[in-house]
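# Let's see this in three dimensions:
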Amino acid sequence: MYRVTEIVEFCYGHRLLRYKGKCAHLHGHNGRVEIELASPSLDDQSMVADFSDISRIVKEWIDQNLDHRMLLHKDDPLIAVLKRHDEPVFVMDTDPTAEAISRLIYEYASSRGLKVSGVRLWETGGSVASYSPAAAR
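Predicted coordinates:
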């Protein structure tokens, strides 16, 4: 199996509604996401995928939707307040944990035709969460 990984860095804020601890409060992260693609064979250019294509597809979406935004659960009462003040918000169906954000990015990249085998999100230098479909590992 051949594998390639594209890395995208972005900044985001969030809070976890269902968490009892410091992460229940608004805070931010300098995230680093690793998008891994896998293929049993190479294309006609001897690649799994062109790094520039991966970057163009995924980085552009992250820049437009997640970078420098507050990622919040759809039930968070702060959404209305932030929107009223023209603050950028990205609303999620779940708490915006690193695990959920990893899956969100995986699903977007896969929907764009990339052969994604997994996504890892480094929330801090020492904390990483990942998502991959059960069949990919």
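# C-alpha only now, for contacts and for neighbours.
OK.
# Need the residues that contact the longest helix seen in the chain.
Identified as the longest helix of the chain according to DSSP state H is helix 98-111. By CA atoms under 8 Å, 6 or more residues apart in numbering, the residues outside helix 98-111 that reach it are 33, 35, 57-58, 94, 116, 118-123, 128-132.
# Now the closest residue to R120 other than its chain neighbours: which helix or strand?
Using CA to CA, 6 or more residues apart in numbering and skipping residues adjacent in sequence, the residue nearest R120 is S130, 4.1 Å away. Assigned by DSSP states H and E, S130 falls within strand 127-131.
# Would you mark the buried spots in that strand?
Within strand 127-131, the residues scored as buried using 16 or more other CA atoms under 10 Å are V128, A129, S130, Y131.
# Could you do stretch 62-76 as well?
For stretch 62-76, by 16+ other CA under 10 Å, it's I62, N65, L66, D67, H68, R69, M70, L71, L72, H73.
# for stretch 109-120, same thing?
A109, S110, L114, K115, V116, S117, G118, V119, R120.
# same check, this time on stretch 23-32
For stretch 23-32, a neighbour-count test (16+ other CA under 10 Å) marks G28, G31, R32 as buried.
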